[in-house]
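K.L.:
Sequence and predicted structure, then a few things I'm wondering about:
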Amino acid sequence: MFTEFLQRLTGTAKAADKVLPPLDSRLALAALLVRMAKSDHSYQASEIGRIDKFLSAHFGLNPVEAAKLRATAEKLEHQAPETEVFTGLIRDAVSYNERVEVLDALWQVVMADGEEKPEEAEMIGFAAGALGVAEADAAALEARYLG
């Protein structure tokens, strides 16, 4: 299941269509949130809750559906390509406004534990660039979360 998804995501699948189907886009975005939450080598309940809340609100899922999507994304995240490739592929599959929303969600996830960690802020900066979010939009989000 994940091998086929990753092949579609990386363009190594036989399908000519490069746009991910809606479920795949959701799964890819959820996996990016999981990866960000794990970037400090600590995957806390507050981060998991924040991911579920985003998935529920963003995709109109009930809490059980959001938790199932996140659990699937946790498995996928382990097998996904390196963050630069993975994030770039997401950039190509979703709209700019959605990428800004995802960047906002990434900040919410890393700040869910109430701690600002340099490695997380650095990873978000990297993700912003890889997602193709304009510097001004990324800076405005950073200022919102870091003051």
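P.N.:
Sure, I can see it.
K.L.:
ok, the closest residue to Leu55 other than its chain neighbours - contacts?
P.N.:
Taking CB to CB, 6 or more residues apart in numbering, and ignoring the residues beside it in sequence, Leu55 has Ala66 as its nearest neighbour in space, at 4.1 Å. C-beta: built from backbone N, CA, C; applies to glycine. Residues near Ala66 by CB atoms under 8 Å, 6 or more residues apart in numbering: 52-53, 55-56, 59.
K.L.:
and if we set it to 7 Å?
P.N.:
Applying CB atoms under 7 Å, 6 or more residues apart in numbering, one finds that Ala66 lies in contact with 52, 55-56.
K.L.:
tell me which element His136 is part of?
P.N.:
Wrong residue type there; residue 136 is Ala, not His. helix 135-146 (DSSP states H and E).
K.L.:
so how far is that helix off the chain centroid?
P.N.:
Centre-to-centre, helix 135-146 and its host chain are 17 Å apart (CA atoms, centre = their mean, to the nearest Å).
K.L.:
Which residues outside that helix are in contact with it?
P.N.:
With contacts defined as CB under 7 Å, 6+ apart, helix 135-146 is touched by 100, 103-104, 107, 111, 116, 128.
K.L.:
Just the C-alphas of the helix or strand where Arg91 lies, formatted as CSV.
P.N.:
Element membership for Arg91, per DSSP H and E: helix 83-93. What follows is helix 83-93, C-alpha atoms only, in CSV (Å, rounded to 0.1, in the frame of the first residue of the first chain):
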residue,chain,number,x,y,z
THR,A,83,12.0,15.7,3.9
GLU,A,84,13.3,17.9,1.0
VAL,A,85,12.0,15.5,-1.7
PHE,A,86,8.8,14.7,0.3
THR,A,87,7.9,18.4,0.9
GLY,A,88,8.7,19.4,-2.7
LEU,A,89,6.4,16.7,-4.0
ILE,A,90,3.6,18.0,-1.7
ARG,A,91,4.3,21.5,-3.0
ASP,A,92,3.5,20.3,-6.5
ALA,A,93,0.3,18.6,-5.4
